[in-house]
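Trainee: I'd like to go over a predicted model; first the sequence, then the structure.
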Amino acid sequence: MSIVTTTDILETINMIQHENLDVRTITMGISLYDCVSDDIGRLCDNIYDKITKRAENIVKVGDGIGKKYGIPIVNKRVSVTPVALIGGKSSADDYVKIAKTLDRAAKEIGINFIGGYSALVQKGMSRGGEELIKSIPQALTETDFLCSSLNVASTKAGINMDAIYMAGKAIKELAYLTKDRNSIGCAKFVVFANAPEDNPFMAGAFHGIGEPECVINVGVSGPGVVAAAIKRAGNCDFGELANIIKKTAYKITSVGQLVATDAAAELGVPFGIVDLSLAPTPAIGDSVARILENMGLERCGTHGTTAALAMLNDAVKKGGVMASSSVGGLSGAFIPVSEDEGMIEAVNVGALHLNKLEAMTAVCSVGLDMIAIPGDTPVETICGIIADEIAIGVVNTKTTAARLIPAYGKKVGDSVDFGGLLGTAPIMEVSPYSSCEFIHRGGHIPAPMHSLKN
Amino acid sequence: MKAVISVTGKDGVGIVAKVSAKCAECGANIIDISQTVLGGYFAMIMIADVSALNVQFGDFVDYMAAAGKESGLQINTMHEDIFNSMHKI
């Protein structure tokens, strides 16, 4: 063969057709700073005009590149400047108007999610941030494609416990307001520590404050490809296993880099980063849990799972970094429960619990993701779960996040079906003991020490 | 600019002819063919120069896929860069 070998060609085709290799998302980050106005009507018009002009062709270009390389480009999306930064004197009601504007723009250009209905409140809360948080339940209930996030903590700033309490209340209200749709509103809201500013993945994507005017970020995927490569390798030691994962990650990421470069050129926008995350879907053969099981664990969640995930995450980064000129975003293995067929099964057979998931998030991105808990879980317990997760990120200088769904009217043993990429979530058990007094203390948990490390 | 055209399906008379004819019709110049039949199953990989296509590349991909469908074959046409980027360092 004149270009590459037949074996290489067949390997690529097999990855795409049988192992679910795809590019998960092309996300255009758009700055909204120049949309600012003291008139809410004009602000909304400016936002709508800018997004629909900048990202007018993103779906067409994305589909064209997918066809050119014969690889599915699953999502085309937009992230914007955290809205709390451009809302000016907006009230919570005004913020809902901005939310609806963003949703309308998303529908106009044909994307399936728009992110950036966000506030950065790790150190404290500006008035805009507070109003935006208050508006989140209504904003996400009355829109279809809008995603929202809060950065409530960072390693340098510590943890804003007041913001976590507000987030917990917003989650609970959102669950109630969208109770007729299995509390799906909560699936579009994520609470972060150390949120990356160039993340292309939803629900946490926003266009960070140090980002350029407009940028293209790409998220790759391919858990099925890694799982299949490990299965083919059979009984080898960890050194060899790490090498297999690195080589596979290199190939997956190369495709992401190729697509990102093409998309940036065709859209006339600078290329930002490739996000190396292994992002699962509910489809059979597209699961991170199955990778861990192929490493030799009977079930994801058993003893050894954290070690397996740590090795996987590290090897994916080592392989991926070499394939891309610029890596960023979340870059790690995602372990969402509802979006991963193997995770769902592990929960259903009693192998995987919230405590183990929390431990797993200490060694991978992004956190407790798409986890359904009983609808009657108290706000303070939700805040406690979030605070634990956030503390892991703050102390370990990494991103962590929580996307929890207290599914209204559901209890342990039930499950909720969100359909599509969001999947099906079995309701997971939470501790029956109260976190009430702890959460009600309010205030700020100081930033951690960076010396005397033990 | 080159494309990799993979053709798979049940073996029959004239598959290479059909695929080649479609390439010619669109202005794709075939520069390499690797083909085999295993247990009645036909598999072919073609490399074609597509610099002088008389249609858009995206349309060429669709035409080839449609021509395959008519004959019960799966035809995937992909730009060579995806293979180069994945398999060359």
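Mentor: Yes, it's here.

Trainee: now do the lengthiest helix in chain A, average pLDDT.
Mentor: In terms of residue count, the longest helix belonging to chain A (DSSP state H) is helix A:238-267. Taken as a whole, helix A:238-267 has a mean pLDDT of 96.

Trainee: helix or strand right after it?
Mentor: Counting by DSSP states H and E, the element after helix A:238-267 in chain order, helix or strand, is strand A:271-275.

Trainee: counting contacts, what elements does that following strand pack onto?
Mentor: Counting contacts by 3 or more Cβ pairs under 8 Å, 6 or more residues apart in numbering or on different chains; DSSP states H and E, strand A:271-275 is packed against strand A:214-220, helix A:238-267, strand A:327-328. The C-beta positions use only the backbone N, C-alpha and C, and glycine is treated the same way.

Trainee: show me what contacts the residue in the stretch 51-200 of chain A that chain B sits nearest to?
Mentor: Residue of the stretch 51-200 of chain A nearest chain B, by Cβ to the nearest Cβ: residue A:70 (3.6 Å). By Cβ atoms under 8 Å, 6 or more residues apart in numbering or on different chains, the contact list for residue A:70 reads A:13, A:16, B:61, B:76, B:77, B:78, B:79, B:82.

Trainee: same thing but at 7 Å, please
Mentor: By Cβ atoms under 7 Å, 6 or more residues apart in numbering or on different chains, the contact set of residue A:70 is A:16, B:76, B:77, B:78, B:82.

Trainee: by neighbours, which of those wins?
Mentor: Among the contacts of residue A:70, residue B:77 has the most neighbours (other Cβ atoms under 10 Å in any protein chain shown), with 27 neighbours.

Trainee: does the lengthiest helix in chain B reach chain A?
Mentor: Counting by DSSP H, the longest helix found in chain B is helix B:57-70. Yes: counting by Cβ under 7 Å from any Cβ of the partner chain, chain A is contacted by helix B:57-70 at B:57, B:58, B:61.

Trainee: can you pull the buried residues of that helix?
Mentor: B:57, B:60, B:61, B:63, B:64, B:65, B:67, B:68 (16 or more other Cβ atoms under 10 Å in any protein chain shown).

Trainee: go on, stretch A:16-30?
Mentor: By 16+ other Cβ under 10 Å, the buried positions in stretch A:16-30 come out as A:16, A:19-30.

Trainee: and of those, the nearest to chain B?
Mentor: Within those, the smallest distance to chain B is 8.4 Å, found for residue A:16 (Cβ to the nearest Cβ).

Trainee: I'd say the closest one and residue A:66 touch.
Mentor: No: Residue A:16 lies out of contact with residue A:66 (Cβ atoms under 7 Å); the separation is 10.6 Å.

Trainee: quick one: the helices in chain B?
Mentor: Counting by DSSP H, the helices of chain B are B:15-26, B:57-70, B:81-87.

Trainee: try the stretch 251-400 of chain A
Mentor: With DSSP state H, counting those that start in this stretch as the criterion, the stretch 251-400 of chain A has helices at A:288-294, A:305-323, A:341-348, A:354-360, A:379-395.

Trainee: quick check: next helix or strand after the last one?
Mentor: I take that to be helix A:379-395. Following helix A:379-395 in sequence order, the next helix or strand is strand A:400-407 (DSSP H and E).

Trainee: report all helices and strands that that following strand contacts.
Mentor: Helices and strands touching strand A:400-407, by 3 or more Cβ pairs under 7 Å, 6 or more residues apart in numbering or on different chains; DSSP states H and E, are helix A:161-177, strand A:189-193, strand A:367-374, helix A:379-395.

Trainee: which of these is buried the deepest?
Mentor: The highest mean neighbour count among the helices and strands packed on strand A:400-407, using mean count of other Cβ atoms under 10 Å in any protein chain shown, belongs to strand A:189-193: a mean of 29.

Trainee: for it, which outside residues touch it?
Mentor: Contacts with strand A:189-193, where a contact means Cβ under 7 Å, 6+ apart, come from A:136, A:140, A:148-154, A:167, A:171, A:174, A:203-204, A:386, A:390, A:393-394, A:399-403.

Trainee: let's see it at 6 Å
Mentor: Residues from elsewhere that reach strand A:189-193 (Cβ atoms under 6 Å, 6 or more residues apart in numbering or on different chains): A:148-153, A:167, A:203-204, A:386, A:390, A:393-394, A:400-403.

Trainee: same question for stretch A:24-39.
Mentor: For stretch A:24-39, contacts defined as Cβ under 6 Å, 6+ apart pick out A:43, A:46-47, A:50, A:54-55, A:58, A:62, A:74-81, A:86, A:88, A:200, A:205, A:207, A:211, A:213-219, A:221, A:263, A:279.

Trainee: great, nothing more from me.
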